[in-house]
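[1] Any chance you can model this:
(chains A and B)
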Amino acid sequence: MLNIIWASMIVIGVVWAAFHGNIAAVTQGLLDSAAETVSLCVTMLGVVSMWSGILKIAERSGLVDRLARVLEPVLRFLFPRLPEDHPARRSIAVNMIANILGLGWAATPAGLQAMKELAQLEEERREAAACVPGKEHLSQKAAAPSGTASREMCTFLIINISSLQLIPMNMIAYRAEYGSAAPAAIVGPAIAATTASTLAAVVFCRVMDHKRAIISSYK
Amino acid sequence: MKLILWLSDYLIPLTILYIVSFGVLMRRPVYDDFAEGAKEGAGTVFRVFPTLIGLMTGVSVLRASGFLDAAGAALGRWTQAVGLSPQLLPVALVKLFSSGAATALALDIFRNNGPDSPVGLAASLMLSSTETVFYTMSIYFLSVNVKKTRYTLSGALWATAAGIAASVILAGRIS
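    Numbering: from 1, shown residues only, chains lettered A, B, ... in the order given. Presented below is the predicted three-dimensional model:
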């Protein structure tokens, strides 16, 4: 995807400049941006190293696991059909906490693990429905067919994509580099915006869950 | 609004206090852990440097050629109607596919308008409250061979739209 985006930036830029007499400015822009990236990365080097150090303490001390347990009531609300003690519960919780703390490298493995466990759960549901004599036709309704996202997968990914991050440290570093008077002034508003998108996601998932439950009860 | 401003001042110091105290209570060698994490963080910056320089260069070519101004002027008529600055639309659209490219566009806004301008604040908030929709969906669903994603995309786009709307409104209130 990036290959296409990047190539079109360069091609469109150079061709456009040639037709509008800005070709000299392009050379200057290339030189300036290369130098600018280096000074940006010097700032990033400081901020990202500092913050990664703090987050490493959180990871090593077991804080992520501790917080994941606190999320249990939230999971019960978001995934009403997910069985108690199912291993996916833990993976989903760890993924969410890691995203909230901004631990991208811990979030993705836990998230992929959660998807795998949700896929297995759906497989079990399909088998269970197919085994009941006379109710084989229900297997389609009780579980998503193979290759189709289950309700839990949809909910999990929509919440995940709604963004959960509490402290956008990279953005603070960018703002500092470009001379913001108060780089961290976005922390509070960013939490408000993230809360708005996550609430929209939660409402959407609950409505979709509910709608499907009503439809299948009439069938 | 007061709580939001309070969070901006207090959240980072309090988070650091909480994490370090928790580490001490768990009897972890907190300073050693910190140093190790800092080393990894430095490695991360070196790893993203090539990608970042590529995207920064790409955006600077678009900017210098006059294309971004022309696109902004063309988009302006449509975006003003919904209260979105023409510079923000490309950031929002590109963010669906690539976080790095969207960051490069946001930095271009910072350079021209400043990070504390209304449009700079809106870009900061938009990037902080949205995720890379298509990229995330493809890695997660590909990992379990799911092709029919049902209502995931519409839900993700709906949540992203809510995040963008909240960002623009909040940026207008704090700037």
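
[2] Burial check on residue 31, number of neighbours?
    With no chain named, the answer covers chain A. Other residues lying near residue A:31 total 12 when counted by other C-beta atoms under 10 Å in any protein chain shown. The C-beta positions use only the backbone N, C-alpha and C, and glycine is treated the same way.

[3] think we crossed wires, I meant chain B
    If you count neighbours by other C-beta under 10 Å, residue B:31 ends up with 12.

[4] Point out the other helices and strands that the helix or strand hosting residue B:40 packs with.
    Take DSSP states H and E as the rule and residue B:40 turns out to sit in helix B:30-65. Counting by 3 or more C-beta pairs under 8 Å, 6 or more residues apart in numbering or on different chains; DSSP states H and E, the packing neighbours recorded for helix B:30-65 are helix A:2-20, helix A:23-60, helix B:2-25, helix B:99-113.

[5] got JSON lines for the ones you listed, with distance to residue B:121 and mean pLDDT too?
    Shown next, in JSON lines, are the helices and strands packed on helix B:30-65 (distance: least, C-beta to C-beta, whole Å; pLDDT from 0 to 100):
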{"stretch": "helix A:2-20", "distance to residue B:121": "25", "mean pLDDT": "92"}
{"stretch": "helix A:23-60", "distance to residue B:121": "19", "mean pLDDT": "93"}
{"stretch": "helix B:2-25", "distance to residue B:121": "12", "mean pLDDT": "93"}
{"stretch": "helix B:99-113", "distance to residue B:121": "10", "mean pLDDT": "94"}
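
[6] To residue A:178, which of the ones you listed lies closest?
    Nearest to residue A:178, of all the helices and strands packed on helix B:30-65, is helix B:99-113, at 3.9 Å by C-beta to C-beta.

[7] mind exporting that closest one as PDB, just the C-alpha atoms?
    What follows is helix B:99-113, C-alpha atoms only, in PDB (Å, rounded to 0.1, in the frame of the first residue of the first chain):
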ATOM      1  CA  SER B  99       0.000   6.100   9.800                       C
ATOM      2  CA  GLY B 100       3.400   7.300   8.600                       C
ATOM      3  CA  ALA B 101       2.100   9.100   5.500                       C
ATOM      4  CA  ALA B 102      -0.600  10.800   7.500                       C
ATOM      5  CA  THR B 103       2.100  11.900  10.000                       C
ATOM      6  CA  ALA B 104       4.200  13.500   7.300                       C
ATOM      7  CA  LEU B 105       1.100  15.400   6.100                       C
ATOM      8  CA  ALA B 106       0.400  16.600   9.600                       C
ATOM      9  CA  LEU B 107       4.000  17.800  10.000                       C
ATOM     10  CA  ASP B 108       3.500  19.800   6.800                       C
ATOM     11  CA  ILE B 109       0.600  21.500   8.500                       C
ATOM     12  CA  PHE B 110       2.700  22.100  11.600                       C
ATOM     13  CA  ARG B 111       5.400  23.700   9.500                       C
ATOM     14  CA  ASN B 112       3.000  26.000   7.600                       C
ATOM     15  CA  ASN B 113       0.400  26.900  10.300                       C
END
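
[8] Run through who's touching it.
    Residues outside helix B:99-113 that contact it (C-beta atoms under 8 Å, 6 or more residues apart in numbering or on different chains) are A:2, A:5-6, A:9, A:36, A:40, A:170, A:174-175, A:178, B:48, B:51-52, B:55-56, B:58-60, B:63, B:68, B:87-88, B:90-91, B:94-95, B:119-120, B:123-124, B:126-127, B:132, B:135.

[9] What's the local residue count around the residue nearest to residue B:3 when sequence neighbours are not counted?
    Nearest non-adjacent residue to residue B:3, counting by C-beta to C-beta, 6 or more residues apart in numbering or on different chains: residue A:188, 7.3 Å away. When neighbours are defined as other C-beta under 10 Å, residue A:188 has 22 of them.

[10] what helix or strand is residue B:156 on?
    Here residue B:156, judged by DSSP H and E, is contained in helix B:152-174.

[11] report the angle between the axes of that helix and helix B:2-25?
    Interaxial angle, helix B:152-174 versus helix B:2-25 (axes from the mean of the first three to the mean of the last three C-alpha atoms, to 10 degrees): 110 degrees.

[12] Got the domain ranges for chain A?
    Using automatic domain parsing, the domain parsing of chain A gives A:1-46, A:62-217.

[13] Nothing else from me, thank you.
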